[in-house]
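>>> Just a sequence and a predicted model for now, questions to come.
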Amino acid sequence: MSELKVNVKWVDLMRLLASNENGHALVMDVSKEAGSLNQGPRPMELILMALGGCMMMDMVSILGKMRSNLKSLAMDISATRKEEYPKVFNKITVTIHTAGAPKEDVEKAFILSKEKYCSVYAMLNPVVDIEYILKVEEV
């Protein structure tokens, strides 16, 4: 069993500094309207970024092994949240834009990521409606 460790420290106002054991760090914050400096993403935005990063790393790896000639890969991710506390996600929409790789390869890589490899998807899927839109441009 592997273990991940991170550290989160309060800096000032609502600004936080999160770091991992390798020394990689990022700032989390809230907007100026919410009483801070707006100097980093919100924790819930980080969850969406983690989903995109996890799936994208899987897809790049899988498409590389398939020698699919991937030219570009990007994801636009949006979410709606419940109005009451805790304001958890109730729907996430992921739009995947690719170019270069054949559509069949992109679809296979996407399915493998969400059904087998992406741990972030596996954690979110049981509790959030996740919708995907694939936009494949074959070059």
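Okay, I see it. All values derive from a computational prediction rather than experimental measurement. Numbering: from 1, shown residues only.

>>> Just list the residues touching Glu107, thanks.
If you count contacts by Cβ atoms under 8 Å, 6 or more residues apart in numbering, Glu107 has them with Leu134, Val136. No exception for glycine: its C-beta is placed from N, CA and C like everyone else's.

>>> same question for the helix or strand hosting Glu104, mean pLDDT?
Following DSSP states H and E, one finds Glu104 within helix 103-112. Averaging pLDDT along helix 103-112 gives 96.

>>> got the buried residues for stretch 75-86?
Residues Met75, Ile77, Ala79 are the ones in stretch 75-86 that count as buried (16 or more other Cβ atoms under 10 Å).

>>> before we move on, back to that, and the helix holding Glu104, how far from the chain's centre?
How far helix 103-112 lies from its chain's middle: 18 Å, per Cα atoms, centre = their mean, to the nearest Å.

>>> Skip ahead from that helix and say which helix or strand is next.
Scanning forward in sequence from helix 103-112 by DSSP H and E, the next helix or strand is helix 119-124.

>>> okay, now Met57: neighbour count?
As a burial measure, Met57 scores 13 neighbours (other Cβ atoms under 10 Å).

>>> tell me the secondary structure for it?
helix (DSSP: H, G, I helix; E, B strand; the rest coil).
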